[in-house]
Structures are given as structure tokens and as C-alpha cells.
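Q: sequence below, structure please.
(chains A and B)
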Number of protein chains: 2
Amino acid sequence: MPAPAPFAATPEPPYHAVIFSSRRSSADDAGYAAMAERMLALAAVQPGFLGVESVRDAEGVGITVSYWASEEAIAHWKAEGEHLLAQQQGRARWYAHFEVRVAKVERAYRFDAPGRR
Amino acid sequence: MPAPAPFAATPEPPYHAVIFSSRRSSADDAGYAAMAERMLALAAVQPGFLGVESVRDAEGVGITVSYWASEEAIAHWKAEGEHLLAQQQGRARWYAHFEVRVAKVERAYRFDAPGRR
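A: Numbering: from 1, shown residues only, chains lettered A, B, ... in the order given. Next up is the predicted model:
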């Protein structure tokens, strides 16, 4: 059973995860939303991209977890040109705080109740 | 600088993370909310607990990442009696779908702009 949207259809572990937890500033909602959408689309065409899951609540706190085939894929994405500009804007304007944790996923399982969706 | 709430003040890596991505069913919002609050409090007093970050959006999609000192701490928490009952209720009623990924955090960094909080 593949994962239904909005969950990432990741392969069997091992693979890698970038856990990005953030709080938005109050600035520039429209600019941020456009950038976030663009970055999700751009990430999805990078080598080694396996999927992404992203949630933000009404208080502006969000968690985005992206999944990658290798550490090299993560390093490549971090250094991508348009993504570098977005990271600069994030520090300059869009975020009050963020935490980045890079992890290796060692095991995984899922549960699905299709009738409840 | 320690992480401000609601971020987890985790120590220097390595440590372990449980990434729990879920979609709620439409059932029993009050019962779910009470259980979720209780489980956060109960997790926080388990051996090896390092912190937790949790977000759920208006569509009922959530990501909760809990951080642990060891694999043994994760196994102990998974088998905790009251938590086992909550897991059973989760499968029986509260969740339409979830993904659990257990990972080892290998590196981490943060950004803070206090004036923007």
C-alpha cells in the first residue's frame, strides 16, 4: 500500500530525513507562501528526493520533513542556487526561529484506515 | 542559546527521533485532544525523553517529532501501559492514516531572531 497524499511514499529504510521546525515571523505572508510552494516544487525535482511532508498551524508554527536517498542529495539541495536565495530570505525576513535536524531513518511503518479518510 | 518554546531543547547530536505523521479521522475530537495532551505529559516523564515538537493543521494533518536519548528509551515508551491503550484507540478510532519513522539525528543547527518572535 503506498502512502496516500499528503504523506510521502518513501521506500524501505534506510534513507535520510531533514526535519525543519520553524516559527514564521509576522512579515510578508504572500511572499512566504509563494516561496514555500516554489521550494516544494523545486525540491521534488532534485536528485535523490524521496518525498516531503509539511504542516503549519494557525499560530505559524510548522514542521516540514523532507526525505532523501543520501547525504549527498541533502548537500546538493542545500547548495541549490534558488534554494540558497530562499534560505537567505528566510533568515532575513520570514522566520522568527527554526531548528534543522538531519537524521538517518532506520525503520518505518504505517497504518491506514481507508474508510476513515 | 536554548530553543524557545514550542521547540525542543535537544542536546548536541547524536540522539534519536520518532517522526509521527498522521491524519485524524473525523471522530471524537474531544477524546482525541484529551489523549494527545495526556500523552505529551506522559512522554515527558519517560526515561530518555529529550523533547517533542508537534503541529496539526486545520485539515487534521499533523506531524509530531519526539526526541530520545536511545533506541531503548523509544522501545520503553512504545511499550508503556497507558501509551499502549492510546495506540489501540488511535488505530480503532482516531486516525485515518499515520506514518512512523524512527531515525538517528546526526547533526543539527538552529536560527533565532528574537525580535521577530
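
Q: mind listing what's buried along stretch A:76-96?
A: Neighbour-count burial for stretch A:76-96, counted by 16 or more other C-beta atoms under 10 Å in any protein chain shown, picks out A:76-77, A:83, A:86-87, A:90, A:94-96. In this view, the C-beta of every residue, glycine as well, is placed from N, C-alpha and C.

Q: now tabulate those in a markdown table and tack on pLDDT.
A: Shown next, in a markdown table, are the buried residues of stretch A:76-96 (pLDDT from 0 to 100):
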| residue | pLDDT |
| --- | --- |
| A:His76 | 98 |
| A:Trp77 | 98 |
| A:His83 | 97 |
| A:Ala86 | 97 |
| A:Gln87 | 97 |
| A:Gly90 | 96 |
| A:Trp94 | 96 |
| A:Tyr95 | 97 |
| A:Ala96 | 96 |
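
Q: out of those, who's nearest chain B?
A: Top of the list for closeness to chain B, among the buried residues of stretch A:76-96 and by C-beta to the nearest C-beta, is A:Ala96 at 4.0 Å.

Q: pull the helix or strand where that closest one lies out as PDB, backbone CA atoms only.
A: Element membership of A:Ala96 [criterion: DSSP states H and E] is strand A:95-112. Extracted in PDB, the C-alpha atoms of strand A:95-112 (Å, rounded to 0.1, in the frame of the first residue of the first chain):
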ATOM      1  CA  TYR A  95      11.400  33.100  10.200                       C
ATOM      2  CA  ALA A  96      11.500  34.100  13.900                       C
ATOM      3  CA  HIS A  97      13.100  30.800  14.700                       C
ATOM      4  CA  PHE A  98      14.000  27.500  13.100                       C
ATOM      5  CA  GLU A  99      15.600  24.200  14.000                       C
ATOM      6  CA  VAL A 100      17.200  21.900  11.400                       C
ATOM      7  CA  ARG A 101      17.900  18.300  12.300                       C
ATOM      8  CA  VAL A 102      19.400  15.900   9.800                       C
ATOM      9  CA  ALA A 103      18.700  12.200  10.500                       C
ATOM     10  CA  LYS A 104      19.000   8.700   9.100                       C
ATOM     11  CA  VAL A 105      15.700   6.900   9.100                       C
ATOM     12  CA  GLU A 106      16.400   3.300  10.200                       C
ATOM     13  CA  ARG A 107      12.900   1.800  10.400                       C
ATOM     14  CA  ALA A 108       9.400   2.800   9.500                       C
ATOM     15  CA  TYR A 109       5.800   1.500   9.500                       C
ATOM     16  CA  ARG A 110       2.400   2.800   8.600                       C
ATOM     17  CA  PHE A 111      -1.300   2.400   9.400                       C
ATOM     18  CA  ASP A 112      -4.200   3.100   7.100                       C
END
